[in-house]
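Undergrad: coords please:
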Amino acid sequence: MMFTIATIAIFMSPDVVHGRTSIFSPQATPAHLIYGLSTLVLSFTLGIFLVVGGLLLYSLIRFRHRPSETDATREPAQIYGSTQIELSWTVVPVLIVFMLFLATARIIYSTERATKPSSALDVVVIGHQFWWEYRYPKLGIVTANELHIPVSDPKRPMPTYLTMSSADTNHNFWIPQLAGKMDVIPNKVNTMWIDPATPGLYLGQCAQYCGTQHAKMLLRVYADTPDEFATWVSHQQQPGVQSSTVTEGRSVLEHNACISCHTITGTVATGRFGPDLTHLASRETIASGAVPNTEANIRKFVDDPAHFKPGALMPPMHLNNHDLDAVTAYLMTLK
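TA: As a prediction, the model looks like this:
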């Protein structure tokens with residue numbers, strides 16, 4: 001898998017210190033399997049490093065030049081054609097590689113061929129430049145950037161199966177604490193599953209360079225308790241709360257290009273090019289996790305998306321201050 005700039009950035013994040021983006025803090029079955037395999041590989045490579053480094057250090061010390069030695073005695077006796085040595089440095093690496101191959105194949109098989117229970121939650125993931133779209137086909141929910149899933153009780157497993165594709169270029173879905181990386185590719189469907197047992201927020205990153213704002217194409221997965229998830233589902237299935245005091249803002253939005261790219265249930269806005277805004281104000285972040293969801297940040301993003309994400313495909317709206325304030329006030333009511 002490609003070790004991209006995003007991979008480096010995610011390991012430099014302060015969240016790594018707390019284990020929120022570390023493969024060494026697994027919180028789901030696929031991540032636990034990857035952690036075990038990683039530990040095995042690291043153990044073998046550490047052993048190889050110690051053996052090779054030890055032999056090199058021994059050679060440097062044992063055969064170092066000594067002041068008492070003459071040129072005639074400086075070079076040690078040379079050995080040629082040692083069958084035992086050549087066999088050892090050929091057979092041993094082959095056996096190690098073969099063993100690691102079998103261990104890796106076993107992990108891949110156990111994750112890819114895991115039986116899907118009838119209680120599993122299905123989510124369609126679509127990668128865009130530079131945000132994530134989530135569709136829950138059985139629940140009739142469409143949202144963006146913040147994925148909500150239920151925790152999975154080992155006694156009553158409820159894993160989440162993600163069916164992924166891309167609307168534009170190559171992306172990569174990676175939540176280190178929950179699973180390995182999975183490519184999100186145009187015209188191809190890839191699948192993966194996650195089953196966190198502990199409620200909480202799990203962070204991730206698009207791990208395949210996809211354009212200017214690749215580093216700000218962040219992932220936020222909320223593992224909710226069953227009651228919390230049921231409440232979230234019920235809320236998402238309702239039309240966004242739209243206050244009657246901000247009808248001016250709604251009118252401005254409906255008479256601009258916003259409706260061509262965004263959907264707001266209960267309005268004429270039915271676009272699918274950009275994120276669904278029906279419950280925008282209920283999200284904790286905007287711009288795919290780049291900044292907190294505040295009134296000031298929404299105003300700045302509507303006015304000029306490049307303020308937060310240079311290269312974002314959404315153009316600046318060029319609204320006057322009055323209309324910009326009205327649209328911002330309206331969007332903040334979409335709970």
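
Undergrad: is it true that residue 147 lies in a helix?
TA: No. Counting by DSSP: H, G, I helix; E, B strand; the rest coil, residue 147 falls outside a helix, being strand.

Undergrad: identify the bridge partners of it.
TA: residue 221 (DSSP bridges).

Undergrad: and residue 225, what pLDDT?
TA: In the predicted model, residue 225 carries a pLDDT score of 95.

Undergrad: where exactly do the strands run in the stretch 101-250 of the chain?
TA: 121-128, 131-136, 141-144, 146-150, 160-166, 171-174, 182-184, 190-194, 200-206, 218-224 (DSSP state E, counting those that start in this stretch).

Undergrad: what's the closest non-adjacent residue to residue 24?
TA: Distances taken as CB to CB, 6 or more residues apart in numbering put residue 35 closest to residue 24, at 6.5 Å, once the chain neighbours are dropped. Every residue, glycine included, has its C-beta placed from N, CA and C.

Undergrad: cool, residue 126 as well?
TA: Using CB to CB, 6+ apart, the closest residue to residue 126 is residue 133 (4.1 Å).

Undergrad: repeat that for residue 188.
TA: Leaving aside its chain neighbours, residue 188 sits nearest to residue 165 (6.6 Å; criterion: CB to CB, 6+ apart).

Undergrad: any idea how the protein splits into domains?
TA: Using automatic domain parsing, the domain parsing of the chain gives 5-15+118-224, 244-331.

Undergrad: I'd assumed residue 198 was in contact with residue 153.
TA: No. With contact defined as CB atoms under 8 Å, residue 153 does not reach residue 198; the gap is 11.0 Å.

Undergrad: between those two, which contacts overlap?
TA: Contact criterion CB atoms under 8 Å, 6 or more residues apart in numbering; no residue bridges residue 153 and residue 198 by contacting each.

Undergrad: where is the longest helix in the protein?
TA: Ranked by residue count under DSSP state H, the longest helix found in the chain is helix 29-62.

Undergrad: and the contacts of stretch 253-262?
TA: So stretch 253-262 is in contact with 264, 267-277, 314-315, 317, 319, 327, 330-331, going by CB under 8 Å, 6+ apart.

Undergrad: and if you look at stretch 103-114?
TA: Identification of contacts with stretch 103-114 by CB under 8 Å, 6+ apart yields 29-30, 33-34, 36-37, 40, 179-180, 192-193.

Undergrad: among those residues, who's most crowded?
TA: residue 179 (27 neighbours; other CB atoms under 10 Å).

Undergrad: need the pLDDT of residue 18.
TA: Residue 18 is given a pLDDT of 42.

Undergrad: helix, strand or coil: sort out residue 317 for me.
TA: What three-state DSSP gives for residue 317 is coil.

Undergrad: report pLDDT for the closest residue to it other than its chain neighbours.
TA: Excluding its sequence neighbours, the residue lying closest to residue 317 (CB to CB, 6+ apart) is residue 302, at 5.7 Å. Note on residue 302: pLDDT of 91.

Undergrad: measure how buried residue 302 is and give me the count.
TA: Burial of residue 302 is recorded as 21 neighbouring residues (other CB under 10 Å).

Undergrad: cool, residue 161 as well?
TA: 17.

Undergrad: re earlier: need the max-distance pair from the contacts of stretch 103-114.
TA: Largest separation among the contacts of stretch 103-114 by CB to CB: 40 and 193, giving 22.5 Å.

Undergrad: residue 299 looks like it's in a strand, true?
TA: No. Counting by three-state DSSP, residue 299 is located in no strand; its state is helix.

Undergrad: for it, list the residues it contacts.
TA: For residue 299, the contacting residues are 324-325, 328, by CB under 8 Å, 6+ apart.

Undergrad: those in helices, which ones?
TA: In helices, defined here by DSSP H, the members of those are 324-325, 328.

Undergrad: format those residues as CSV; extra columns: neighbour count, distance to residue 187 and pLDDT.
TA: Output for these, formatted as CSV (neighbours: other CB atoms under 10 Å; distance: CB to CB, whole Å; pLDDT from 0 to 100):
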residue, neighbour count, distance to residue 187, pLDDT
324, 18, 38, 90
325, 16, 42, 90
328, 21, 37, 91
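
Undergrad: residue 228: which of these is nearest?
TA: Looking across the ones in helices among the contacts of residue 299 and measuring by CB to CB, the closest to residue 228 is residue 328, at 28.8 Å.

Undergrad: for the stretch 1-150 of the chain, give me the ranges with low pLDDT.
TA: By pLDDT under 70, the low-scoring segments of the stretch 1-150 of the chain are 1-19, 69-76.

Undergrad: from residue 182, how far off is residue 164?
TA: 6 Å (CB to CB, to the nearest Å).
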